[in-house]
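# starting from these lines, generate the structure:
(one chain, ligands or ions: 1)
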Amino acid sequence: MTKEALQKEIQKKRSYLCVGLDTDINKIPAHLLKTDDPIFEFNRQIIDATADLCVAYKPNIAFYEALGTKGWESLQKTLEYIPDDLFTIADAKRGDIGNTSRLYARAFFQELDFDSITVAPYMGRDSVLPFLDFPGKWVILLALTSNPGSRDFQQLPINGEGRSLYEQVLEISQQWAGHDQLMYVVGATQADHLANIRKIVPDHFLLVPGVGAQGGDLEAVSRFGMNKNCGLLVNSTRGIIYSGSGLDFAEKARTSASEIRNQMSDYLEKFL
Ligand SMILES: O=c1ccn([C@@H]2O[C@H](COP(=O)(O)O)[C@@H](O)[C@H]2O)c(=O)[nH]1
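Coordinates of the predicted model:
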């Protein structure tokens, strides 16, 4: 999906919501366990209930890998079920020597036809470039993550001017690709860094996980993170998909997604 197409969807739906599909066999409603593929069945109902409210879906690959071949099958079926006009993100956080990254890229962009993948930048340029060899596909580079451990390395000053590691990631990686192929992960819990981040990457999309269960502030993220085209995909997972645990779980998920989407619609009016 192109940047323009994604922006158009955001405007059409008045939403920059990404719904996370971290589907945990131990958390899904009990009645689904009787079906052939409970993980897919859960995802199918969540997608049916939320597709008109969001612009992206982000399965976290760990939840599928943990189930072995059955998990990969559920992931593939889920990906195929997501309507074409929604952006898909493989939250896989890959990155290795170039020869290996090439195979990761093939797995997620060719075997599974994801629009994008999250990549860890720690191993540098040659570990990221193979993911950028796929026209029409996106790399979402981890910059400033939502977890407390982001202070351990990402926020450490690494040169004489006091620039932190995450700021260097944002600056240097812009030499590798443009804002039509590269996005960055910035945690919603890091809203106080967003104004600074926007000075370094004014035009890039930011994938912002951490509203809902992690307590990130959607208003602050929107106020400081939006650019002239919105430029945000804000993810919520547990806060949406586990809103209910009974037969009406998908309806409850819809209610939670609607609440966020309505706030987003207001923020698009207010901050864009
Ligand atoms: O910095 C990051 C990067 C990725 N994530 C992932 O996003 C979702 C968040 O789930 P919630 O239930 O809404 O907390 C999950 O897949 C994380 O692995 C992140 O949280 N922070």
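
# tell me the buried residues in the helix or strand residue 253 falls within?
Counting by DSSP states H and E, the element that carries residue 253 is helix 249-271. Neighbour-count burial for helix 249-271 flags 249-250, 252-254, 256-258, 260-261, 263-264, 267-268 (criterion: 16 or more other Cβ atoms under 10 Å). C-betas here are computed from N, CA, C, even on glycine.

# can you give me the helices in the stretch 151-272 of the chain?
Ranges of helices in the stretch 151-272 of the chain, per DSSP state H, counting those that start in this stretch, are 165-173, 194-200, 218-225, 238-241, 249-271.

# re the thing from before, what would the buried residues of helix 249-271 look like in a markdown table with distance to residue 178?
Shown next, in a markdown table, are the buried residues of helix 249-271 (distance: Cβ to Cβ, whole Å):
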| residue | distance to residue 178 |
| --- | --- |
| 249 | 41 |
| 250 | 38 |
| 252 | 40 |
| 253 | 35 |
| 254 | 36 |
| 256 | 35 |
| 257 | 31 |
| 258 | 34 |
| 260 | 30 |
| 261 | 29 |
| 263 | 30 |
| 264 | 26 |
| 267 | 26 |
| 268 | 24 |
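
# a markdown table for these, including distance to residue 50 and pLDDT?
A markdown table is the format used below for the buried residues of helix 249-271 (distance: Cβ to Cβ, whole Å; pLDDT from 0 to 100):
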| residue | distance to residue 50 | pLDDT |
| --- | --- | --- |
| 249 | 12 | 98 |
| 250 | 8 | 98 |
| 252 | 11 | 98 |
| 253 | 6 | 98 |
| 254 | 6 | 98 |
| 256 | 9 | 98 |
| 257 | 5 | 98 |
| 258 | 9 | 98 |
| 260 | 10 | 98 |
| 261 | 9 | 98 |
| 263 | 15 | 98 |
| 264 | 13 | 98 |
| 267 | 19 | 98 |
| 268 | 18 | 98 |
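
# residue contacts, the residue nearest to residue 238 when sequence neighbours are not counted?
Closest residue to residue 238 apart from its sequence neighbours, by Cβ to Cβ, 6 or more residues apart in numbering: residue 213 at 4.1 Å. Residues near residue 213 by Cβ atoms under 8 Å, 6 or more residues apart in numbering: 236-239.

# of the residues you listed, grab the buried ones for PyMOL.
Those of the contacts of residue 213 that count as buried under 16+ other Cβ under 10 Å are selected in PyMOL with:
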select buried, resi 236+237+239
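
# which ones among the contacts of residue 213 come in contact with the ligand?
Restricting the contacts of residue 213 to those touching the ligand (Cβ under 6 Å from any ligand atom) yields 236-239.

# gap between whichever residue of the stretch 51-200 of the chain sits closest to the ligand and residue 248?
Nearest to the ligand in the stretch 51-200 of the chain, going by Cβ to the nearest ligand atom, is residue 145, at a distance of 3.1 Å. Going from residue 145 to residue 248 by Cβ to Cβ, to the nearest Å gives 34 Å.
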